[in-house]
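Chemist: Could you work out the structure for the sequence below:
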Amino acid sequence: MTDLERLYEHCALCPRMCGVNRLKGERGFCGMPAEASAARVSLHHWEEPCLSGQNGSGTVFFAGCSLGCVYCQNGRIIPEQVMEGGGADLGRCIVKDSHALAEDYLLLEQNGAHNINLVTASHFLPQVAESLAIARERGLRIPVVYNTSGYERADSLRHLKGLVDIWLTDFRYMRPETAAAYSKAPDYPDAAKEALREMMSQSDLSFDSDGMMRKGVIVRVLLLPGHVKEAEEIVTYLWQEYGDRLYISLLSQYTPVRKSVPDPLLSRKVTAREYRRLIDHALSLGISNAFIQEGSSAKESFIPEFDGNVHLD
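Modeler: Now for the predicted structure:
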């Protein structure tokens with residue numbers, strides 16, 4: 001057993017710090033055992049332009065989640081115990097060890113991926129770290145993107161130092177009450193802030209001659225319907241703390257896919273007026289390193305099929 005695998009014995013990988021022994025099959029909040037489970041491996045064309053480029057971002061979607069938002073668009077790969085009505089496609093996910101994951105990364109690179117994009121990987125951090133080290137030894141040269149909800153422990157992220165090049169992190173909530181109501185995580189704001197500090201300490205901004213990001217941090221702010229003020233607070237915090245040392249991605253793509261949500265506001269899409277207000281706020285602060293979405297991106301058709309397979313088209 002490696003030192004990294006021992007992290008599963010008393011699991012404290014995420015801020016939930018459940019303390020279960022996942023090596024013995026015990027499951028904490030994320031609902032997953034110790035073995036990494038991939039829901040989809042693909043060339044993904046719907047990330048920020050500096051990540052997707054012309055060929056796509058080489059994404060590996062992992063099953064399970066340590067946050068479990070009530071409005072989750074990927075609920076099909078979240079266990080029932082984490083989210084009511086989740087787990088419909090878990091049986092189609094593929095269990096992979098570190099070597100199999102490394103092979104996926106190399107295959108994606110061979111097929112033109114601009115980067116390796118690890119989506120919701122924190123609860124499988126031991127295998128992820130080992131697989132990246134294996135892939136690097138076998139010649140992986142493209143950047144590695146760590147795509148996360150932002151609900152991370154800084155201590156865990158330190159195990160990825162030197163392995164991750166780009167941090168693509170959400171910043172969902174600034175208010176504990178919102179985080180508690182929507183994700184059962186009142187500590188989310190503090191955890192996200194500490195995690196972001198660690199991410200920033202590990203990566204400086206760098207782009208290649210084609211405008212593709214090689215290193216850096218992108219913070220996604222998903223605008224929730226009826227929560228413009230809180231989103232403005234997040235953007236203000238990011239600007240005051242980090243200025244133009246990171247990129248902010250303002251997302252209007254919230255899609256109401258859950259049949260039952262605790263707040264009627266979550267049953268509708270974000271309005272054009274709400275999104276315009278958030279953009280205007282960012283501009284008023286002087287933010288220039290930002291991505292905004294044009295047109296309607298709030299569609300279920302943007303949610304990929306989770307079948308455990310490799311998609312290279």
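
Chemist: Could you use CA atoms for every contact and neighbour count after this?
Modeler: Fine.

Chemist: where does the protein dip in pLDDT?
Modeler: 1, 295-303 (pLDDT under 70).

Chemist: give me that answer again for 80
Modeler: With pLDDT under 80 as the threshold, the chain has low-confidence stretches at 1, 75, 80-88, 258-260, 294-313.

Chemist: State the distance from the most centrally placed residue in it to Arg138.
Modeler: For the chain, the residue nearest the mean C-alpha position is Thr148 (2.3 Å; C-alpha atoms, centre = their mean). According to C-alpha to C-alpha, to the nearest Å, Thr148 stands 26 Å off from Arg138.

Chemist: now Pro189
Modeler: Taking C-alpha to C-alpha, one finds Pro189 at 38 Å from Arg138.

Chemist: Please identify which of these two sits among more neighbours.
Modeler: More crowded of Pro189 and Arg138, by other C-alpha atoms under 10 Å: Pro189, with 21 against 12.

Chemist: pretty sure that one contacts Ala180?
Modeler: No: contact status for Pro189 versus Ala180: not in contact, 10.4 Å apart, counting by C-alpha atoms under 8 Å.

Chemist: Surely Val145 is within a strand?
Modeler: Yes: with DSSP: H, G, I helix; E, B strand; the rest coil as the criterion, Val145 is assigned to a strand.

Chemist: Surely it and Asp165 touch.
Modeler: Yes: using C-alpha under 8 Å, Val145 makes contact with Asp165 at a distance of 6.2 Å.

Chemist: all strands for the stretch 101-250 of the chain, in order.
Modeler: Along the stretch 101-250 of the chain, the segments classed as strands by DSSP state E, counting those that start in this stretch run 116-119, 144-148, 166-170, 206-207, 213-222, 247-251.

Chemist: what's across from the residue nearest to the centre of the chain in the sheet?
Modeler: Per DSSP bridges, the residues bridged to Thr148 are Thr169.

Chemist: how about it, what does it touch?
Modeler: Shown in contact with Thr148 (C-alpha atoms under 8 Å, 6 or more residues apart in numbering): 119-122, 168-170.

Chemist: can you check Asp208 too?
Modeler: So Asp208 contacts Arg214 (C-alpha under 8 Å, 6+ apart).

Chemist: just Gly308 next, same as before
Modeler: Taking C-alpha under 8 Å, 6+ apart as the test, what Gly308 contacts is 38-41, 92-94.

Chemist: okay if I get the residues you listed as CSV plus neighbour count, secondary structure and distance to Phe306?
Modeler: Compiled in CSV, the contacts of Gly308 are given as follows (neighbours: other C-alpha atoms under 10 Å; DSSP: H, G, I helix; E, B strand; the rest coil; distance: C-alpha to C-alpha, whole Å):
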residue, neighbour count, secondary structure, distance to Phe306
Ala38, 26, strand, 9
Ala39, 25, strand, 5
Arg40, 24, strand, 5
Val41, 25, strand, 9
Arg92, 17, helix, 7
Cys93, 20, coil, 7
Ile94, 18, strand, 10
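
Chemist: What is the most widely separated pair among the residues you listed?
Modeler: Comparing every pair within the contacts of Gly308 by C-alpha to C-alpha identifies Val41 and Arg92 as the most remote, at 12.6 Å.

Chemist: Tell me how far Asp313 lies from Asn74.
Modeler: Distance of Asp313 to Asn74, computed by C-alpha to C-alpha: 21 Å.

Chemist: before we move on, what about Asp97?
Modeler: Distance from Asp97 to Asn74, by C-alpha to C-alpha: 23 Å.

Chemist: go on, Arg136?
Modeler: From Arg136 to Asn74 the distance is 29 Å (C-alpha to C-alpha).

Chemist: which residues does the nearest residue to Gly75 once chain neighbours are set aside contact?
Modeler: Spatial nearest neighbour of Gly75, excluding adjacent residues (C-alpha to C-alpha, 6 or more residues apart in numbering): Gly86 at 4.9 Å. By C-alpha under 8 Å, 6+ apart, the contact list for Gly86 reads 75-80.

Chemist: Looking at those, which one is closest to Ser57?
Modeler: Nearest member of the contacts of Gly86 to Ser57, counting by C-alpha to C-alpha, is Ile77, at 20.2 Å.

Chemist: Isn't the closest one up against Met83?
Modeler: No: judged on C-alpha under 8 Å, Ile77 makes no contact with Met83 at a distance of 9.9 Å.

Chemist: could I get the contacts of Gly86 as a markdown table with neighbour count, distance to Asn289 and secondary structure?
Modeler: Formatted as a markdown table, the contacts of Gly86 follow (neighbours: other C-alpha atoms under 10 Å; distance: C-alpha to C-alpha, whole Å; DSSP: H, G, I helix; E, B strand; the rest coil):
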| residue | neighbour count | distance to Asn289 | secondary structure |
| --- | --- | --- | --- |
| Gly75 | 26 | 31 | helix |
| Arg76 | 20 | 33 | helix |
| Ile77 | 27 | 33 | helix |
| Ile78 | 26 | 33 | coil |
| Pro79 | 23 | 36 | coil |
| Glu80 | 16 | 38 | coil |
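
Chemist: Right, I'll leave it there.
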